[in-house]
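Peer 1: Everything below, folded, please.
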Amino acid sequence: MARKQFQTLSEPMFYILLCLTEPLHGYAVMQRIEELTAGRVAVGPGTLYALVSRFEKEGIVSRIPSDEGKKVYCITEKGKQLLDDELDRLKNMINDSSSVLRG
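Peer 2: Residues are numbered from 1 along each chain as shown. Below is the predicted model of the structure:
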């Protein structure tokens, strides 16, 4: 059975969407991810732009006008729902594992 696209998000996917809850250009997204994760997660330009392109095609993020001449992106309502669903999935995993490991 084929896996539904974006059913679960990788760390780079999750953090890109999280960062794009505010309008940012690509380099700012990479910097913000490093800040949020204290360097634990680093997303390079190849990964970033490949994922942003996929997200844009799926209506998960959109490009917004910028006076700076840079490509600025922001999450869409569809993207916010995807991010919320992933957050719920992760919370459920934490709750399930806590109940088992901590009795």
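
Peer 1: can you give me the helices in the protein?
Peer 2: For the chain, the helices defined by DSSP state H cover 11-19, 26-36, 45-57, 77-101.

Peer 1: between those helices, which one is nearest to K71?
Peer 2: Evaluated with Cβ to Cβ, these place helix 26-36 nearest to K71, the distance being 6.6 Å. (C-beta placed from N, C-alpha, C; glycine too.)

Peer 1: what angle separates the closest one from helix 11-19?
Peer 2: 100 degrees (axes from the mean of the first three to the mean of the last three Cα atoms, to 10 degrees).

Peer 1: List of residues touching helix 26-36?
Peer 2: 12, 15-16, 18-20, 24, 41-45, 48-49, 52, 70-71, 73 (Cβ atoms under 8 Å, 6 or more residues apart in numbering).

Peer 1: List only buried entries from those.
Peer 2: The neighbour count (16 or more other Cβ atoms under 10 Å) marks 12, 15-16, 18-20, 24, 43, 48, 52, 73 as buried among the contacts of helix 26-36.

Peer 1: now these as CSV including pLDDT?
Peer 2: CSV is the format used below for those (pLDDT from 0 to 100):
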residue, pLDDT
P12, 96
Y15, 98
I16, 98
L18, 98
C19, 98
L20, 98
L24, 97
V43, 97
L48, 97
V52, 97
Y73, 98
